[in-house]
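>>> Could you look at this predicted model? Sequence included:
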Amino acid sequence: MNQVHVLSETLRDISGRAKTFGKCGALMAEATRRLALSCRLKPPKKQKQGEDQDEEDSVGSKDDGRILRERQEAVGEEMMVVLKTLGEVLDEIADAQVQMCESLEASLSHSLEAFCGVQVHEVTTLQAESESMTDAAEQSLARYLNGRHASEDSNSWNKLSEQVSNSFSKTFSTQTNMSGSLEGRFKNFLGARQKEDKNKDPEQVMATTAANLRLTLEQIRLAQTSAELSRFQLLQKLVSIKKRRNFELGESALASLHGIRAYFHHCSDLVEGLTPRLTRIQATQSKSREKHAQARRPWKAREEGLVGALDQVGQAVAHASSLANLMASGDLGAPAMLSLKELEKETEIWHLPKLLAKASRYQREPAPGVLVEGWLYKKSSARMALQQWNKRWFMMDKDGIYYFRTSAEMKKAGSDHLRTLERVKICDLVLCTVREMANCDLRFCFEIVTPNQKPLLLQARGPIEYHMWVEGIRTSIQHQLVSGTVDADQLMKGIGKQRKNKKRGDSTGKSKTLGSVLDSETSDVETSDNAVDDENDKESSNLSEEEIGKLGKTRHPMVPNIMAANPTCADCGQVNPDWACINLGILVCIECSGVHRSLGVHLSKVRSLKLDSLNDAEVNLLLVTGNERINRIWESGVGLQQGWTKPVDSASRQDKENWIKSKYQWKGFLNDKLKDASDEERKLHYSKILFEAARNADVLGVAEALAYGGALDWKNPEEGGKTALHICALSHPMTSGDPWEGIECAELMLQNGAKLGTMDDSTQGALDSAVIGNGEREM
């Protein structure tokens, strides 16, 4: 029985722990679901109470959508896919956890409690009955044993019979439910019998007494037998419990194990189904790590360039420090006095941005439509301002001048980081003017004067930026007043430099942002305002030879060589052409240039050799191409076309226009051997030819592939997704003595629409590829 009680306590303890496990499992599943919700980038749900719950729910859903979009943007698409997969897996794990916990709680807690409640109660009841019956049997036997046996006379038998009957009556009264006192009735019976016995035969009395005594003894035996039976039933129950615990409790434990097995089997199935996704995610992560390592290489190279520039500046500082010490000690005689501007020129303080940009080989991409932008110091208009000058980022587009400041809402919120910037418009271009502050105590200051506001005093960070802003604003105002529109691709050519002809400077210039001004080696932005160029044609046709001669002094020194190499127009044969189609590499006359301009800048970009300023890359491109070489490409199939004759200089404009459009727009004079192939096949074929020509820095090969339809944005899957511009940036001279035309080849592709920002499979641009692949320094 002690083992039964111990077993009962053990099972109740297991049952209680199973209930606790079920509750903890439910909490764990809920925590897992919340974690899955966070992995899906969704904000946690808040419990709403009150009458305005519907309104709060609608507002909360809007906030949740906003938070979700912000989180997705912050995390990124690639990481978002991984987190989404993790969230889905956690949801399935939570469901499996709930099922396992419910199974364990049902199999252990409920079944064990039922076993304890039924079986232990039955054993306790049997034990009480067995003990009661055993005590009754033992008491009746003890009373019988304590009585006296029969002697000489019948009185002894009467006394013995009385004693046995007293004992029997007490024993019998504990096992029957008869009403009244059996002992009293038995005594009355014996008394009546004794009265009767006086009148009966003594032998008859003795026989009756013996029969009664026999009955008593049999009843004693019956009580002992019943007690033995109850003890046997108790023992049988105990043995049964010991046997049943092995399979009934084992079945409960087995059911729990099956629940655990189902849980892990579910997890196993989940892992098997997840394995392909894990493999893909792991491959993506490996590629991302490799891309990160490759992306760090150009930055590392740029950092080394900046470290070299820092060492160079550090050496200059050390030299200046030693010179100052020698002057202070009197060991060095007084040198010639230099003015402030001479010292600045000698130290090249204002050319430091250009030096750093060249050392780092990095240039910030200009924002679309922005004419000028950069840092300026703005003087506060408040008299009691704690800080008189504030550093602000200014920008100018075709509509006006703006500066950026942090929004008041973010300041009030006390955010640790700035999420938004507020753009404040100062004025419209046509309603303002710029005034140089020559008499100001501070250098490089200018004012922007508007009709309805106080003049805004600004300070530039050096003479280059000062001239860039002052001349840029003036040029923009002139364009607004003359044409009513301002084109970001036409405006402010040569900002920061003195213009030699202000009359022409405002109509032929092209815009340069701060980065392009600091680095004079960058190419000019393409011209897209055909109306302005048409105006140039009309004005240039009215210029005298003397004016043209004066303007010619400002052109590139290699322009005469270009004109000498191309004595006639590429399309009509007129002598002395002075207009260039830089993306085609040809020279045309003024009449043909008007037709070329009508084709659009995607087909022909027209520049004047006398009125426009060409950079070195454009000049070198025209030198290596030329009319004769390019016409071999574009007119290779003229003989195959019937009824076409190349116009001469005296031909009408309509004839020249028909010829030029058929030649360049419809590509009717090319000798295309793949004309019967599909467009996709032709594009792929000539894109591969373009790629190989760019690899070899073959300018004419690139020009021919472009003419036949090669795509500059085609990425070679066998070369890591590199474009023709990427592979050109990695090109090298075949031998040390051979001429290398990599710069001209890259310039031709850029003029025809190649993008420097196009990324390969390693997320590297063309400049990054040149840095990592140890490309030529000129590139």
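Yes, it's here.
>>> from here on, contacts and neighbour counts on C-alpha atoms
Fine.
>>> if I pick residue 706, what's in contact with it?
686, 690 (CA atoms under 8 Å, 6 or more residues apart in numbering).
>>> what's the helix or strand for it?
Element membership of residue 706 [criterion: DSSP states H and E] is helix 699-707.
>>> which other residues reach the next helix or strand after that helix?
Sequence order places helix 724-729 as the next helix or strand after helix 699-707, per DSSP H and E. Helix 724-729 is touched from outside by 690-692, 694-697, 712-715, 742, 745-746, 749, 754, 756, 765-767, 769-770, 775-776, 779, with contacts defined as CA under 8 Å, 6+ apart.
>>> neighbours of the nearest residue to residue 671 once chain neighbours are set aside, just the number please.
Spatial nearest neighbour of residue 671, chain neighbours left out: residue 637 (4.3 Å); criterion: CA to CA, 6 or more residues apart in numbering. Residue 637 sits with 15 neighbouring residues when counted by other CA atoms under 10 Å.
>>> Average pLDDT for the helix or strand hosting residue 236, rounded please.
Taking DSSP H and E as the definition, one finds residue 236 inside helix 202-244. Per-region confidence: helix 202-244 scores 82 on mean pLDDT.
>>> do the same with stretch 388-402
88.
>>> Likewise for stretch 88-106?
In the prediction, stretch 88-106 has an average pLDDT of 84.
>>> just the angle between the helix ranked longest in the chain and helix 202-244, please?
Longest helix in the chain by number of residues (criterion: DSSP state H): helix 250-329. In terms of direction (axes from the mean of the first three to the mean of the last three CA atoms, to 10 degrees), helix 250-329 departs from helix 202-244 by 30 degrees.
>>> next one: helix 250-329 to chain centre, how far?
14 Å (CA atoms, centre = their mean, to the nearest Å).
>>> who does it touch, helix- and strand-wise?
Applying 3 or more CA pairs under 8 Å, 6 or more residues apart in numbering; DSSP states H and E, one finds that helix 250-329 contacts helix 77-104, helix 352-360, helix 766-772.
>>> now these as a markdown table including distance to residue 344 and mean neighbour count?
Output for the helices and strands packed on helix 250-329, formatted as a markdown table (distance: least, CA to CA, whole Å; neighbours: other CA atoms under 10 Å):
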| stretch | distance to residue 344 | mean neighbour count |
| --- | --- | --- |
| helix 77-104 | 49 | 19 |
| helix 352-360 | 11 | 17 |
| helix 766-772 | 32 | 23 |
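>>> May I see those helices organised as TSV, with distance to residue 632 added?
Converted to TSV, the helices and strands packed on helix 250-329 look like this (distance: least, CA to CA, whole Å):
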stretch	distance to residue 632
helix 77-104	49
helix 352-360	39
helix 766-772	30
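>>> so residue 404 sits in a helix?
No - using DSSP: H, G, I helix; E, B strand; the rest coil, the assignment for residue 404 is strand, not a helix.
>>> list the contacts for it?
With CA under 8 Å, 6+ apart, residue 404 has these contacts: 392, 393, 394, 421, 422, 423, 424.
>>> which residues touch the helix or strand the second one falls within?
For residue 393, the enclosing helix or strand under DSSP H and E is strand 389-396. Residues outside strand 389-396 that contact it (CA under 8 Å, 6+ apart) are 370-380, 401-405.
>>> next one: stretch 638-656
By CA under 8 Å, 6+ apart, stretch 638-656 touches 571, 572, 573, 574, 591, 592, 595, 659, 669, 670, 671.
>>> Kindly report the same for stretch 23-31.
The contact list for stretch 23-31 (CA under 8 Å, 6+ apart) reads 93, 94, 95, 97, 98, 101.
>>> From those residues, pick the one nearest residue 271.
residue 93 (10.7 Å; CA to CA).
>>> Just give the nearest non-adjacent residue to that closest one, would you?
residue 267 (7.2 Å).
>>> quick one: contacts for residue 138?
By CA under 8 Å, 6+ apart, the neighbours of residue 138 are residue 224.
>>> Could you do residue 446 as well?
434, 435, 436, 437, 457, 458, 459, 470.
>>> And the next helix or strand past the helix or strand hosting it?
Here residue 446 is covered by strand 445-449, with elements defined by DSSP H and E. Note on strand 445-449: by DSSP H and E, the next helix or strand toward the C-terminus is strand 456-459.
>>> what angle sits between the following helix or strand past that following strand and strand 389-396?
As assigned by DSSP H and E, the chain's next helix or strand after strand 456-459 is helix 463-483. With the same axes, to 10 degrees defining the directions, helix 463-483 sits at 40 degrees from strand 389-396.
>>> Mind exporting the C-alpha coordinates of helix 463-483 to CSV?
What follows is helix 463-483, C-alpha atoms only, in CSV (Å, rounded to 0.1, in the frame of the first residue of the first chain):
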residue,chain,number,x,y,z
PRO,A,463,36.9,81.4,-55.4
ILE,A,464,36.0,78.4,-57.6
GLU,A,465,32.6,77.9,-55.9
TYR,A,466,32.1,81.6,-55.7
HIS,A,467,32.4,82.1,-59.5
MET,A,468,30.4,79.0,-60.0
TRP,A,469,27.4,80.4,-58.1
VAL,A,470,27.6,84.0,-59.2
GLU,A,471,28.1,83.3,-62.9
GLY,A,472,25.7,80.3,-62.7
ILE,A,473,22.9,82.5,-61.4
ARG,A,474,23.5,85.2,-63.9
THR,A,475,23.6,82.8,-66.8
SER,A,476,20.4,81.2,-65.6
ILE,A,477,18.7,84.5,-65.4
GLN,A,478,19.8,85.4,-68.9
HIS,A,479,18.5,82.2,-70.3
GLN,A,480,15.2,82.6,-68.6
LEU,A,481,14.8,86.1,-69.9
VAL,A,482,15.9,85.2,-73.5
SER,A,483,14.2,81.8,-74.0
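>>> What mean pLDDT does that helix get?
86.
>>> Assign residue 577 to helix, strand or coil.
coil.
>>> neighbours around residue 312, how many?
12.
>>> I'd like the distance between residue 746 and residue 752.
10 Å (CA to CA, to the nearest Å).
>>> between the two, who's got more neighbours?
Counted by other CA under 10 Å, residue 746 and residue 752 do not tie: residue 746 has more neighbours, with 26 against 21.
>>> hmm, back to that, pull out the buried members of the contacts of residue 446.
Neighbour-count burial (16 or more other CA atoms under 10 Å) is assigned, among the contacts of residue 446, to 434, 437, 457, 458, 459, 470.
>>> Let's have these in a markdown table, adding distance to residue 38.
Listed next are the buried ones among the contacts of residue 446 as a markdown table, based on distance: CA to CA, whole Å:
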| residue | distance to residue 38 |
| --- | --- |
| 434 | 54 |
| 437 | 58 |
| 457 | 50 |
| 458 | 48 |
| 459 | 49 |
| 470 | 53 |
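>>> which of the residues you listed has the weakest pLDDT?
residue 437 (85).
>>> so that residue makes contact with residue 447?
Yes - between residue 437 and residue 447 there is a contact under CA atoms under 8 Å: 6.9 Å.
>>> hmm, back to that, adding distance to residue 122 as columns, could you present the contacts of residue 446 in TSV?
Output for the contacts of residue 446, formatted as TSV (distance: CA to CA, whole Å):
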residue	distance to residue 122
434	107
435	109
436	110
437	110
457	102
458	100
459	101
470	106
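>>> Which two among the contacts of stretch 638-656 are spaced furthest apart?
591 and 671 (27.0 Å).
>>> following the longest helix of the chain, which helix or strand comes up?
helix 340-347.
>>> quick one: that next one to helix 250-329, angle?
Using the same axes, to 10 degrees: helix 340-347 against helix 250-329 is 130 degrees.
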